[in-house]
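> Task: produce atomic coordinates for the following.
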Amino acid sequence: MVGQRETVLAVLQQWENDGVMTRDKASIVEKNIDTLMEMELREIEALVDEAAAFARFIRLISFVNVAALMVPSIIKKLEKWVKRLMAAANALAKKLQANGFSISAGLPVGVSVGLSFPIT
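Below you'll find the model as predicted:
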């Protein structure tokens, strides 16, 4: 598990630094999606009271989307994470005083997260 964690984290860091996703990197994400989701959602949940939590949530969704463009089977593997993603989005929406949130999947392959805010 430690090796998987380090490998998928290395891919995440490389993607953050150079903005490039290859099929090989996406395959690493696909093979380690459960490790990635558990690790990142745990961090987001721990940070929910800090501004960094929303940025980290968006980073996770963006990273998974980019990898899923190369390896679409990643989207199927997210099925078991939907409730946890919804819980994190709900907690973030409350913290940011949003009216609500939405999570959707669409084409091209990817997951979208939206928050709605009241007009004041």
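
> got the residue ranges for the strands in the chain?
100-106, 110-116 (DSSP state E).

> Which among these is found nearest to Phe57?
strand 110-116 (7.2 Å; CB to CB). In this view, the C-beta of every residue, glycine as well, is placed from N, C-alpha and C.

> I'd like to check the angle between that closest one and strand 100-106, please.
160 degrees (axes from the mean of the first three to the mean of the last three CA atoms, to 10 degrees).

> Which strands border strand 110-116, and is each parallel or antiparallel?
strand 100-106 (antiparallel) (DSSP bridges).

> Buried residues, the strand it pairs with. List them.
Neighbour counts over strand 100-106 (16 or more other CB atoms under 10 Å) mark Phe101 as buried.

> What are the contacting residues of it?
Residues outside strand 100-106 that contact it (CB atoms under 8 Å, 6 or more residues apart in numbering): 75, 82, 85-86, 89-90, 92-93, 111-116.

> so can I have TSV of the strands of the chain showing mean pLDDT and distance to Val66?
Below are the strands of the chain laid out as TSV (pLDDT from 0 to 100; distance: least, CB to CB, whole Å):
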stretch	mean pLDDT	distance to Val66
strand 100-106	75	15
strand 110-116	76	9
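
> Need the ones you listed in JSON lines (columns: distance to Lys31).
As requested, the strands of the chain are exported to JSON lines (distance: least, CB to CB, whole Å):
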{"stretch": "strand 100-106", "distance to Lys31": "21"}
{"stretch": "strand 110-116", "distance to Lys31": "19"}
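
> Just tell me which of those strands ends up closest to Gly3.
Nearest of those (CB to CB): strand 110-116, 26.7 Å.

> which residues are in contact with that closest one?
Contacts of strand 110-116 (CB under 8 Å, 6+ apart): 57-58, 61, 64-65, 68-69, 75, 78, 85, 89, 92-93, 96, 98-106.
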